[in-house]
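Enquirer: Next come a sequence and a model predicted from it.
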Amino acid sequence: MKQALHTLIVTTLHTLQVRGEIAPFDEASIKIELPRDKSHGDFASNVAMLLAKPNALNPRVLAQKLIDAFPVTEWLVSAEIAGPGFINFRVAAEAKFAVLAQVFQKQSDYGRVNLGEGRLVQVEFVSANPTGPLHVGHGRGAAYGSALVSVLRHAGYQVEAEYYVNDAGRQMDILTVSVWLRYLALCGEQVTFPSNGYQGDYIITTARALLTEQGDGLRAQAQAVFANVSEDQVLDDAGNVLRGDKEQHIDDIIVNARALLGADKYRLILDRVLHDILSDIKEDLSEFGVHFDNWFSERSLMDTGVVDAALERLQANGQLYEQGGAIWFRSTDYGDTKDRVVVRDNGIKTYFASDIAYHYNKLARGYDKIINIWGSDHHGYIPRVRGAIKAMGEDDARLMVLLVQFAVLYRGTEKAAMSTRSGQFVTLRELREEIGTDATRFFYVMRRCDQHMDFDLDLAKSKSNENPLFYIQYAHARCCGVFAQLAVKGYAHWQAQDGLAQLALLTEESEAELAQKLAQFPEVIAAAARDSEPHQVAYYLKDLAHLLHSYYNNTMLLVDDDDVRTARLTLIAATRIVLANGLAVLGVSAPERM
RNA sequence: GCGCCCAUAGCUCAGCGGAAUUAGAGCAACGGCCUUCUAAGCCGUAGGCCAGAGGUUCGAAUCCUCUUGGGCGCGCCA
């Protein structure tokens, strides 16, 4: 409908332009909107005010000129000038309900639009380090990312969802040693666990599995493990460091572990714990309704020489230099605050080097657009990554970085502390089990991702009926309930074709409103995709559910008059489809009864 | 100190790269509505100097600048 009005205005403007009455204009800038106040009509346009200035005409005069030039259209009831120069439109009732036929024709595809025209987009999200279970902080990125993927797919983009697995580097060594020390303890060795080790129960679980599978084949004497190891950090009651260095301490243990175990056994432990944690993460995400097409390994970048290739490319472009034994990238040439090390003086490549390689690889894969969803704490990272892309001679416009703000967790009024190292965190799994996967997802997706967010665990748990998700799901269940009652009451089976023939009987204001809302759904999907804002879909569904509830409460649907009943059921059936489609986009279920 | 994000009702948040003398929801508060399709609902009342101050214009919660208040980031860590 909006589209039809837009076309009408544009073609009419072209007519005026040909006649030389107005100057050329930008079609895309002409907006059709829904008036806030229904008494103003069904639609409104600001076109006259927009074009007033370039044509040196009074907006109202221009509006009148435009209206006079409109061709005769049967669905257009009236076009009036209002206020400073708005044009208010009223359309025929039939036109408002025309959307219903479309909904039935497209069914679960209603809402799909072709904004993306099949363009290939990659969305990388979550990418939490595989050093422990996902915690609630990852939940927001997971929910937002998967909803965005879904929205983009509905908007006609071809999307690949990817998880970047940081399975290389020092933290993998710390992880390995953490498991090994737990294993040694299980073997009966007297070991003191490093303060910087990973302390979660999952570490012990893997250690136990290794003990079962390997017996004492990985055992070493505690004395040897801690030989020449510098002192671990010692804290006073206030948490100040009295002496020792936890980083050096664990690094020393790592050196000993490598020597005592040998490369193969060391790798065996590393692979085992990595596998266990990754399996857990995959299962967790899957249960959360988050699915990835690719799990991309950082280690594979090193193994296949991509890191070297990327660095060579930078070298060839003269973007690297050596200083103090390290190799630096001139990121300041690209707006970064300082140059960054890519290879340390000990020869080890930095995480940033991997990341350059990763983006190098992504760009080579030929995506039209690459979307990175990062936690807001990574914002300082953007300039150097963009810089690296440009320095490699690529177009950084292909990269879009979306930052997800932290969700601050509260238990009542108390902040819930999170730390993977200490093992004291609320896991995403715990959260899902407590308040439900649907509610968790919806709660996260409802909010704009760039908005700080308070997540009160007690509230979410104890008063889950406050969650607007139930409001929407209930609307869906009610629609289903009506059809269940239809059979119970012995009325004839409803059919879409019969209903579509009776739409003239939908004369109530609330019915027209509901139908117009249904017509908006594809636009909402398009807008959500354009703005990368899945929450727009959530708010749309809230509005739609409200109209449904209101209609349901004020209008008897299962009336004796066959034609009226059939007509109303048609509206309900279409509403149910749109509610279900919308909920599916957000990855939450649409229950038939509650 | 520098940079990024943010500030809207008691609380949690919308407000589509500006518009029609009344800024919206939900929750919390108050008052109505179940002998008819699910009351996890509906209808109504109350509640806001859109952090503050300037600026741009026909018009600013929305754009610009500054101030205040909060989150985060500024390693040869990952």
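Expert: Now that the structure is in, tell me what you want to look at. Numbering: from 1, shown residues only, chains lettered A, B, ... in the order given.
Enquirer: Helix or strand with the lowest mean pLDDT in chain A?
Expert: For chain A, scoring each helix and strand by mean pLDDT, DSSP states H and E identifies strand A:414-415 as the least confident one, at a mean of 63.
Enquirer: Next secondary structure after that one?
Expert: Later in the chain than strand A:414-415, the nearest helix or strand by DSSP states H and E is helix A:428-435.
Enquirer: what bits of the stretch 51-200 of chain A have low per-residue confidence?
Expert: The stretch 51-200 of chain A contains residues with pLDDT under 70 at A:53-54, A:56, A:83-84.
Enquirer: Show me which residues of it sit near RNA strand B.
Expert: Residues of the stretch 51-200 of chain A lying close to RNA strand B by C-beta under 7 Å from any atom of the strand are A:A82, A:G83, A:P84, A:F86, A:N88, A:N129, A:N166, A:A168, A:G169, A:R170, A:Q171. Using the backbone N, CA and C atoms, a C-beta is placed for each residue, glycine as well.
Enquirer: Where helices are concerned, which of those residues count?
Expert: Within those, residues falling in helices by DSSP state H are A:R170, A:Q171.
Enquirer: Most neighbours out of the residues of the stretch 51-200 of chain A next to RNA strand B, which is it?
Expert: In terms of neighbour count, A:F86 stands highest of these at 22 neighbours, by other C-beta atoms under 10 Å.
Enquirer: so that residue bridges to which residues?
Expert: Bridge pairing for A:F86 (DSSP bridges) gives the partners A:A82.
Enquirer: A:V408 belongs to a strand, doesn't it?
Expert: Yes. Using DSSP: H, G, I helix; E, B strand; the rest coil, the secondary structure at A:V408 is a strand.
Enquirer: how close does it get to RNA strand B?
Expert: Relative to RNA strand B, A:V408 is positioned 7 Å away (C-beta to the nearest atom of the strand, to the nearest Å).
Enquirer: residues in contact with that residue?
Expert: Neighbour list for A:V408: A:K415, A:H452, A:M453, A:D454, A:F455 [criterion: C-beta atoms under 8 Å, 6 or more residues apart in numbering].
Enquirer: Measure how far the longest helix along chain A is from the centre of its chain, please.
Expert: In chain A, ranked by residue count with DSSP H as the criterion, the top helix is helix A:246-287. Relative to its chain's centre, helix A:246-287 lies at 30 Å (C-alpha atoms, centre = their mean, to the nearest Å).
Enquirer: Spell out which residues of the stretch 301-450 of chain A are next to RNA strand B.
Expert: Selection of the stretch 301-450 of chain A residues close to RNA strand B by C-beta under 7 Å from any atom of the strand yields A:323-326, A:337-338, A:341, A:344-346, A:348, A:350-352, A:376-381, A:403, A:405-406, A:446-448, A:450.
Enquirer: Quick check: chain neighbours aside, which residue is closest to A:D456?
Expert: Of all residues not flanking A:D456 in the chain, A:Y410 sits nearest, at 4.7 Å (C-beta to C-beta, 6 or more residues apart in numbering).
Enquirer: Please report the number of neighbouring residues for that neighbour.
Expert: Applying other C-beta under 10 Å, we find 16 other residues in the vicinity of A:Y410.
Enquirer: hang on, it packs against A:D454?
Expert: Yes. Taking C-beta atoms under 8 Å as the definition, A:Y410 is a contact partner of A:D454 at 6.2 Å.
Enquirer: Low-confidence stretches in chain A?
Expert: Those would be A:1, A:26-29, A:35-40, A:53-54, A:56, A:83-84, A:238-239, A:411-425, A:458-465, if you go by pLDDT under 70 across chain A.
Enquirer: Break chain A down into its domains, please.
Expert: Using automatic domain parsing, the domains assigned to chain A come out as A:2-91, A:170-287, A:467-586.
Enquirer: what's the offset of stretch A:449-460 from the middle of its chain?
Expert: Mean C-alpha position of stretch A:449-460 versus that of the full chain (C-alpha atoms, centre = their mean) differs by 16 Å.
Enquirer: The residues of the stretch 51-200 of chain A next to RNA strand B: which two are farthest apart?
Expert: A:A82 and A:R170 (66.6 Å; C-beta to C-beta).
Enquirer: May I see the contacts of A:V408 arranged in CSV, with distance to A:Q248 and neighbour count as well?
Expert: CSV is the format used below for the contacts of A:V408 (distance: C-beta to C-beta, whole Å; neighbours: other C-beta atoms under 10 Å):
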residue, distance to A:Q248, neighbour count
A:K415, 31, 11
A:H452, 37, 11
A:M453, 38, 17
A:D454, 39, 11
A:F455, 37, 23
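Enquirer: so of those residues, which ones are in helices?
Expert: Per DSSP H, the contacts of A:V408 never map to helices.
Enquirer: Which one of those residues is nearest to A:Q158?
Expert: Distances from A:Q158 to those, taken by C-beta to C-beta, are shortest for A:M453, at 30.7 Å.
Enquirer: so who does that closest one touch?
Expert: Contacts of A:M453 by C-beta under 8 Å, 6+ apart are A:R140, A:Q405, A:F406, A:A407, A:V408, A:R447.
Enquirer: Just the buried ones from those residues?
Expert: The neighbour count (16 or more other C-beta atoms under 10 Å) marks A:R140, A:Q405, A:A407, A:R447 as buried among the contacts of A:M453.
Enquirer: about what we covered before: turn the contacts of A:M453 into CSV, including distance to A:T555.
Expert: Output for these, formatted as CSV (distance: C-beta to C-beta, whole Å):
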residue, distance to A:T555
A:R140, 39
A:Q405, 42
A:F406, 45
A:A407, 40
A:V408, 43
A:R447, 33
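Enquirer: Alright, I will stop here.
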